[in-house]
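>>> Here is a sequence together with a model predicted from it:
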Amino acid sequence: MNTKNWKTLRNAVPAVLLAGVAILPSLAQAGSIQVLNPPGSVYTTASGINDQGNTVGVFEKAGEQLRGFAYVPATKKYKVFTYPGAVYTIALGVNDANTIVGTFANADGQAHGFFLANGKDYSQYDVSGSSGTVIQGINKVGDFTGTAGSNGFYQGFVSIGGTVTTFTVNGLATVAYGINAANSVVGYYINAQGTATHGFLRDGAGNITQIDYPGSLQTQCTGINDAGTLTGVYTDNTGVDRGFVRVNGTYRTVSAPYVAAINNRGAVVGSFVDKNGETFGFLRLSGQ
């Protein structure tokens, strides 16, 4: 991925740096894993999944800017898209109505949220008064969550029934990722020293609980399903990034460095880097 595009993605969507993280052999060889890589892509990440297994993410062709994609496992077909007039488009979440959310920027470089409904109807969304908006998750009824701000001054937001609430954890830079049917939101915040991250769970009443993988150097929560199962990424005590799933308070490391989301059937999506340094998305359907 070229430097300009990586900086665009990094600044628009604060995320775990994947560069240099090797794929674990079990993921590369497992038949239950569908590797996601739209034709011609040199960089692909998978970010969101609905209960049908339909998956969204972002990819890049050599010399081009980032574009969104939707992948349907039943047909193994991709649909690629760019928000009209956008410099880049990043798809981050999808619900069971196949409404896709994410972020884009025009030539001015400012990030805006977007919705894509019915595969063709685009609409822009901005948190009022914000210098940048990213929609990162959407639930079944269309309530959504994301991040607003720029240049390190980030806060999470949640829109429930059209009412928008912004929030931070302890007044610190906060990034919100996933939302479930109970309007529980997960994400992470950056510590006061700016040296590490901690995951969080914000329930529908606004109560926030810190989430840290046991013994980790840092943790980011990335997704939550309706049963309250969490996905995320942690850095172990050797400095290696690893994906995890938390079920009923019990943590399980998975064989991928980045797990982005989980649906109500237990299917997960995320990303890995192969031995040649190329980033791919993946989909692991439940029961496989």
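Cool, got the structure.
>>> how far is stretch 37-53 from where the chain is centred?
With C-alpha atoms, centre = their mean, to the nearest Å as the basis, stretch 37-53 stands 11 Å off its chain's centre.
>>> Sorry, slip of the keys, the one I care about is stretch 105-121.
16 Å.
>>> Can you measure across it, start residue to end residue?
Between the opening and closing residues of stretch 105-121 there is a gap of 17 Å (C-alpha to C-alpha, to the nearest Å).
>>> go on, stretch 82-96?
Looking at stretch 82-96, the gap from its leading to its trailing residue is 21 Å under the measure C-alpha to C-alpha.
>>> That stretch: how far from the chain's middle?
Using C-alpha atoms, centre = their mean, we find the averaged C-alpha position of stretch 82-96 to lie 12 Å away from the chain's own average C-alpha position.
>>> can you check stretch 174-184 too?
Stretch 174-184 has its average C-alpha position 11 Å from the chain's average C-alpha position, going by C-alpha atoms, centre = their mean.
>>> do the same with stretch 81-96
13 Å.
>>> got it, and stretch 249-256?
Taking the mean of its C-alpha atoms, stretch 249-256 sits 17 Å from the chain's own mean (C-alpha atoms, centre = their mean).
>>> List the buried residues in that stretch.
Within stretch 249-256, the residues that qualify as buried are 251, 254, 255, 256, counting by 16 or more other C-beta atoms under 10 Å. Glycine gets a C-beta too; all of them are placed from N, C-alpha and C.
>>> how near is residue 209 to residue 217?
Separation of residue 209 from residue 217 (C-beta to C-beta, to the nearest Å): 20 Å.
>>> Could you check which of the two has the larger neighbour count?
residue 217 (17 against 12; other C-beta atoms under 10 Å).
>>> Apart from its neighbours in sequence, what residue is nearest the more buried one?
Computed as C-beta to C-beta, 6 or more residues apart in numbering, the closest residue to residue 217 that is not its neighbour in sequence is residue 235, at 4.3 Å.
>>> Noted, bye for now.
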